[in-house]
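In: Got a sequence here, can you build the structure:
(one chain, ligands or ions: 2)
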Amino acid sequence: MELRRVRLPLVHRFRTSSHAKRSLEHIIVTLTSTDGAVGWGETASPSGPYYSAETVDSCWAVARSFLAPLVLDTGWEHPSELAAVMARVRGNHFARAGFDTAAWALWSQVSGVPLAEALGGDRARVEAGVSLGIEPTVDELLEQVARRVGEGYRRVKLKIAPGWDVTPVRAVRTAFPAVPLHVDANGAYPVDEVAVFRQLDHLGLLMIEQPYAPRALVDHAALQAVLETPLCLDESIEEVDDLVTALRLRAGRIVNIKVSRMGGLTAAVRAHDLALAHGIPVWCGGMHEFGIGRAANVALSSLPGFTLPSDVSGSAKYYARDITTAPIVCTDGWVEVPTTAGLGYTPDLPFLTSQTLDHHTTAR
Ligand code: OSB
Ligand code: MG
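Out: Ligands and ions are numbered 1, 2, ... in the order given. Down below sits the predicted model:
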């Protein structure tokens, strides 16, 4: 097992309600079986604890001290068995996701089936949306939207925050009346804020993502009851059990499923299955993944319940050069699902090595 801390510069600064970033550091997990088969996974935690409690340092520490020995000492036939053992570690979903995705990549490689098929996917290509950060001015935001719509992206998501909401969103809606549009607050609003959402309710949005703090499920349910626009939960859904609670409370009508936030593909597929059984549409969210995590997101998005465009933009939206030999490419708003065994993308080892800040190897 190898763990690498890898840094890539972002082509464009990305600001959310909580913070801004210019480069990202993710952990790349490699699992090599005794007969030489290889599976790659990605832990895509942000550096700081603003999206969730995890950080790249916490992931690195938990991966080295707890997950690496646990994974290496576990014999497994199917990745879901490994996920069940890793669940002994509470929380730390981003850290677990790197190992879980590497196990799925290894398993699909050894089984000779594409990862998407191994997960239950049945689409040849997936619809891509794009997530746009908070810009210094409305004009700069309009430029970003024009550029991405021009590239063919099939849905645009705008980050909002108190003080940057109705005005920029209305400006985008006016300039692009037909573009499927949604907003994401990353939980930045106090639970007594309703007026802003009533105004956004008139702008023909596909959804309003995570208006309130993650645990405020009762408040999300109260807001959903007075809005036409569906609420979408992101940060609130870390466990499949959180989805059970949210469904029972009617806290939202759409779910963003993230591989990282759920702790891997195993849990992401379970959340998908539960949402599908309840008639709740889902889409795949992103954490600005490098090529390895991005490939896992594409595979997941091919499952039947992913009926809304996912945040699976091409690598070029974030990185001048990705860590895979071929970047993920979005053409006219679609990303092809690989048909070869395993992940379908190969790491570019020399480039990966050149971007690696720290490296840890363990073997049994
Ligand atoms: O809320 O979806 C989010 C990025 C970092 C943290 C949280 C979020 C995001 C994104 C980026 O919106 C989506 C992507 O990877 O393209
Ligand atoms: Mg979100």
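In: any idea how far residue 74 is from ligand 2?
Out: Summarising the geometry, the distance separating residue 74 from ligand 2, computed by C-beta to the ion, to the nearest Å, is 32 Å. Where C-beta positions appear, they are placed from N, C-alpha and C, glycine not excepted.
In: Report the contact partners of the nearest residue to that residue once chain neighbours are set aside.
Out: Nearest non-adjacent residue to residue 74, counting by C-beta to C-beta, 6 or more residues apart in numbering: residue 85, 4.8 Å away. Under the criterion of C-beta atoms under 8 Å, 6 or more residues apart in numbering, the contact partners of residue 85 comprise 70, 71, 74, 76.
In: Can you tell me which of these are buried?
Out: 70, 71 (16 or more other C-beta atoms under 10 Å).
In: May I see the contacts of residue 85 arranged in TSV, with secondary structure as well?
Out: As requested, the contacts of residue 85 are exported to TSV (DSSP: H, G, I helix; E, B strand; the rest coil):
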residue	secondary structure
70	helix
71	helix
74	coil
76	coil
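In: out of the contacts of residue 85, who's nearest ligand 2?
Out: Closest approach to ligand 2 among the contacts of residue 85 (C-beta to the ion): residue 71, at 28.5 Å.
In: quick one: which of the contacts of residue 85 is nearest ligand 1?
Out: Nearest to ligand 1 among these, counting by C-beta to the nearest ligand atom, is residue 71 at 25.6 Å.
In: name the helices or strands packed onto the host helix or strand of residue 21?
Out: Taking DSSP states H and E as the criterion, residue 21 maps to strand 20-32. Under the contact criterion of 3 or more C-beta pairs under 8 Å, 6 or more residues apart in numbering; DSSP states H and E, the helices and strands touching strand 20-32 comprise strand 2-15, strand 38-43, helix 56-62, helix 93-111.
In: between that strand and strand 38-43, what angle do the directions make?
Out: 150 degrees (axes from the mean of the first three to the mean of the last three C-alpha atoms, to 10 degrees).
In: Nearest to ligand 1: which residue in the stretch 201-350 of the chain?
Out: Checked against ligand 1 (C-beta to the nearest ligand atom), the nearest residue in the stretch 201-350 of the chain is residue 286, 2.4 Å away.
In: Quick check, pLDDT for the residue nearest to that residue when sequence neighbours are not counted.
Out: In this structure, residue 286 finds its nearest non-sequential neighbour in residue 311, 3.8 Å apart by C-beta to C-beta, 6+ apart. According to the per-residue confidence, residue 311 scores 96 in pLDDT.
In: Residue 311: what's it in contact with?
Out: By C-beta under 8 Å, 6+ apart, the contact list for residue 311 reads 128, 129, 130, 131, 157, 283, 284, 285, 286, 297.
In: what does this protein have sitting close to ligand 1?
Out: By the rule C-beta under 6 Å from any ligand atom, the part of the chain lying against ligand 1 is 16, 51, 131, 184, 186, 234, 285, 286, 287, 288, 311, 313.
In: can you put those residues in JSON lines and add secondary structure?
Out: Listed next are these as JSON lines, based on three-state DSSP:
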{"residue": "16", "secondary structure": "coil"}
{"residue": "51", "secondary structure": "coil"}
{"residue": "131", "secondary structure": "strand"}
{"residue": "184", "secondary structure": "strand"}
{"residue": "186", "secondary structure": "coil"}
{"residue": "234", "secondary structure": "coil"}
{"residue": "285", "secondary structure": "coil"}
{"residue": "286", "secondary structure": "coil"}
{"residue": "287", "secondary structure": "coil"}
{"residue": "288", "secondary structure": "coil"}
{"residue": "311", "secondary structure": "coil"}
{"residue": "313", "secondary structure": "coil"}
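In: With distance to residue 360 as new columns, can those residues be given to me in TSV?
Out: Converted to TSV, these look like this (distance: C-beta to C-beta, whole Å):
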residue	distance to residue 360
16	30
51	24
131	31
184	34
186	31
234	30
285	28
286	26
287	21
288	23
311	29
313	30
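In: restrict those residues to contacts with ligand 2.
Out: Taking C-beta under 5 Å from the ion as the test, ligand 2 is in contact with 184, 234 out of these.
In: Show me which of the residues of the chain next to ligand 1 are buried.
Out: Neighbour counting by 16+ other C-beta under 10 Å classes 16, 51, 131, 184, 186, 234, 285, 286, 287, 288, 311, 313 among the residues of the chain next to ligand 1 as buried.
In: of those, the lowest pLDDT goes to which?
Out: Going through those one by one, the lowest pLDDT turns up at residue 16, 87.
In: wait, isn't that residue in contact with residue 135?
Out: No. Residue 16 sits out of contact with residue 135 when judged by C-beta atoms under 8 Å, with a separation of 11.8 Å.
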